[in-house]
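K.L.:
Here's a sequence, model it:
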Amino acid sequence: MRTLYIECNMGAAGDMLTAALIDLLDNKEEVVAELNSLGIEGVKYELEKTSKCGIYGSHMHVYVNGEEEGEHHHHHHHHDEDAHDHEHHHEHEHHHDGEEHDHEHHHDHEHEHGHEHGHSHHHHSGMHDIEHIVRGHLEISDSIKDSVMAVYGLIAEAESHAHDKPVTEIHFHEVGTMDAIADVTAVCYLLDKLNVDRVVVSPIHVGSGTVKCAHGILPVPAPATAYILKDAPIYGGSIKGELCTPTGAALLKHFASSFGDMPVMKVSAIGYGMGNKDFEVANCVRVILGEEEDKTDRVVELDFNVDDMTAEGLGFAQEMIFAAGAVEVFTTAVGMKKSRPGTLVTVICREVDKAKVVESVFEHTTTIGIREKACQRYVLSREFVTVDTPLGPITKKVSTGYGVRREKYEYEDLARLARENNTSIDEIKKKAGI
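P.N.:
Model (predicted):
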């Protein structure tokens with residue numbers, strides 16, 4: 001299983017993640033050229049080799065209409081004098097004023113780049129504006145566009161909660177501008193290019209102290225970052241200032257298959273994405289790419305009994321528990337007290353999803369208690385490949401590991417072709433030669 005481990009000992013921000021992912025690759029210049037051809041208006045990426053504490057890695061410069069974010073505004077500081085100065089001073093001036101959120105770039109200054117498709121003096125963007133740019137103008141696949149919008153969705157939800165406003169009323173001050181779209185798009189593009197099976201993220205160092213914003217002083221992590229990282233392992237420390245930005249948090253939360261220690265794997269590449277400021281600890285995000293040959297997985301088993309639910313109600317509950325993050329949900333007929341026939345419901349989920357799954361169980365079933373036990377799963381590594389057939393492309397799932405290999409064509413693809421051709425799934429298999 002192709003696995004990427006992201007080590008966030010000094011937090012994370014969008015361009016640090018971008019630089020780290022590119023640093024994994026041998027053809028760095030070619031990949032930077034690919035990023036510059038994605039159609040992000042006015043944006044230019046430039047990669048620089050740099051070092052921290054004797055470790056060499058990459059630093060990503062993002063220029064919008066020829067100007068690098070933060071290069072003219074290095075006078076902003078946190079409340080703490082030794083505040084962490086992320087690349088481009090990302091942690092500064094968040095504009096937590098109920099409508100605006102200053103992403104990792106542009107602190108209390110407003111760049112009037114005029115890059116919003118002909119509109120000058122563009123300061124605020126809602127989700128609709130961002131979706132118009134992402135889906136209507138960027139030269140990336142639909143799946144990457146979906147990832148970009150999902151990351152923005154996490155940020156919007158966090159801002160909505162922090163400012164007590166509906167998501168539809170949230171306007172991003174700088175998150176909606178092209179420099180920030182450049183960060184999010186680059187990370188989504190690179191992870192798609194790396195084609196990893198799973199992403200494991202370390203516990204995230206968020207920093208400590210306070211951050212000085214345009215309208216006051218806020219605690220670290222900032223409210224939006226704290227909300228995004230709910231259910232993820234985070235910690236503070238002696239370094240004062242904001243180490244993890246809201247965009248960095250949203251990217252990690254969206255792509256993380258799990259949080260925790262680095263799994264056992266055969267390492268193939270290591271990348272370092274550097275920040276600007278120097279500390280006793282190397283100011284970087286480290287990413288490690290490797291192969292987990294035979295996969296084990298720590299999961300939680302949740303069990304509960306019910307004897308007063310209809311089959312329809314229980315069926316709907318299973319759907320909602322799956323939607324909350326369960327890996328498996330299944331039922332077993334059991335005898336209960338007073339000789340009543342009942343149902344034992346078993347739910348398997350990852351630790352990171354447990355809280356949401358438990359909430360879903362109590363919301364959608366009549367149980368008043370849940371039993372929990374930790375389990376170790378042994379699972380085959382899975383990858384999806386597209387097979388060209390006379391009837392069109394069909395997706396095949398290939399599962400390998402522990403000395404076995406299994407292949408299975410995806411039901412949804414077969415069912416779609418059966419409907420389109422008004423025939424059976426077996427007939428589709430014959431015609432497709434599979």
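K.L.:
Every contact and neighbour count from this point should use C-alpha atoms.
P.N.:
OK.
K.L.:
Tell me how far whichever strand or helix holds residue 387 lies from the chain's centre.
P.N.:
Following DSSP states H and E, one finds residue 387 within strand 381-389. Offset of strand 381-389 from its chain centre (CA atoms, centre = their mean, to the nearest Å): 24 Å.
K.L.:
Counting by contacts, list what that strand packs against.
P.N.:
Contacting strand 381-389 under the criterion 3 or more CA pairs under 8 Å, 6 or more residues apart in numbering; DSSP states H and E are the following elements: strand 392-401.
K.L.:
For whichever helix or strand comes after the strand it packs on, which outside residues touch it?
P.N.:
Downstream of strand 392-401, the next assigned helix or strand under DSSP H and E is strand 404-409. Here strand 404-409 makes contact (CA atoms under 8 Å, 6 or more residues apart in numbering) with 394-400.
K.L.:
Check the residues you listed for burial and list the buried ones.
P.N.:
Burial by neighbour count, judged by 16 or more other CA atoms under 10 Å, picks out 394-396, 398-400 from these.
K.L.:
ok, of those residues, which one's closest to residue 328?
P.N.:
Nearest to residue 328 among these is residue 399, at 17.6 Å by CA to CA.
K.L.:
so who does the residue lying closest to that closest one once chain neighbours are set aside touch?
P.N.:
Closest residue to residue 399 apart from its sequence neighbours, by CA to CA, 6 or more residues apart in numbering: residue 382 at 4.4 Å. Applying CA under 8 Å, 6+ apart, we find residue 382 in contact with 1, 197, 397-400.
K.L.:
I'd like these as JSON lines, with pLDDT appended.
P.N.:
Formatted as JSON lines, the contacts of residue 382 follow (pLDDT from 0 to 100):
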{"residue": "1", "pLDDT": "78"}
{"residue": "197", "pLDDT": "88"}
{"residue": "397", "pLDDT": "91"}
{"residue": "398", "pLDDT": "90"}
{"residue": "399", "pLDDT": "89"}
{"residue": "400", "pLDDT": "86"}
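K.L.:
ok, these vs residue 237, which is closest?
P.N.:
Out of the contacts of residue 382, the member with the shortest distance to residue 237 (by CA to CA) is residue 197, at 31.9 Å.
K.L.:
And the helices in the chain, which stretches?
P.N.:
Counting by DSSP state H, the chain has helices at residues 14-23, 28-36, 127-137, 142-163, 178-194, 223-228, 246-255, 311-323, 354-364, 411-420, 425-432.
K.L.:
returning to what we had before: quick check: the residue nearest to residue 399 vs residue 292, distance?
P.N.:
11 Å (CA to CA, to the nearest Å).
K.L.:
what residues are shared contacts of the two?
P.N.:
residue 1.
K.L.:
which residues does residue 308 contact?
P.N.:
Applying CA under 8 Å, 6+ apart to residue 308 gives the contacts 342, 366.
K.L.:
now swap in residue 237 and tell me
P.N.:
Contacts for residue 237 (CA under 8 Å, 6+ apart) come out as 205, 207-208.
K.L.:
List buried residues within those residues.
P.N.:
By the neighbour-count criterion of 16+ other CA under 10 Å, the contacts of residue 237 include these buried positions: 205, 207-208.
K.L.:
Grab the nearest non-local neighbour of the residue most central in space within the chain.
P.N.:
What sits nearest the mean C-alpha location of the chain, by CA atoms, centre = their mean, is residue 254, with 1.9 Å. Among residues not flanking residue 254 along the chain, residue 151 sits closest, at 6.2 Å (CA to CA, 6+ apart).
K.L.:
Can you pull the poorly scored residue ranges out of this protein?
P.N.:
Applying pLDDT under 70 to the chain flags the ranges 69-124, 169-177, 213-215, 293-296.
K.L.:
May I ask which two of the contacts of residue 382 are separated the most?
P.N.:
Top of the distance list for the contacts of residue 382 (CA to CA): 1 and 397, 13.4 Å.
K.L.:
The helices of the chain: which one's closest to residue 57?
P.N.:
Each of the helices of the chain has some distance to residue 57 by CA to CA; the shortest is helix 14-23, at 6.6 Å.
K.L.:
ok now that closest one, how far from the chain's centre?
P.N.:
The chain centroid and the centroid of helix 14-23 are separated by 14 Å under CA atoms, centre = their mean.
K.L.:
Remind me what it packs against, helices and strands.
P.N.:
helix 28-36, strand 55-64, helix 178-194, helix 246-255, strand 266-274, strand 284-291.
K.L.:
Deepest-packed of those, please.
P.N.:
helix 246-255 (a mean of 25; mean count of other CA atoms under 10 Å).
K.L.:
Between the helices and strands packed on helix 14-23, which one is closest to residue 415.
P.N.:
helix 178-194 (27.0 Å).
K.L.:
hmm, back to that, with distance to residue 20 added, can I get the contacts of strand 404-409 in JSON lines?
P.N.:
Converted to JSON lines, these look like this (distance: CA to CA, whole Å):
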{"residue": "394", "distance to residue 20": "34"}
{"residue": "395", "distance to residue 20": "31"}
{"residue": "396", "distance to residue 20": "32"}
{"residue": "397", "distance to residue 20": "30"}
{"residue": "398", "distance to residue 20": "29"}
{"residue": "399", "distance to residue 20": "29"}
{"residue": "400", "distance to residue 20": "29"}
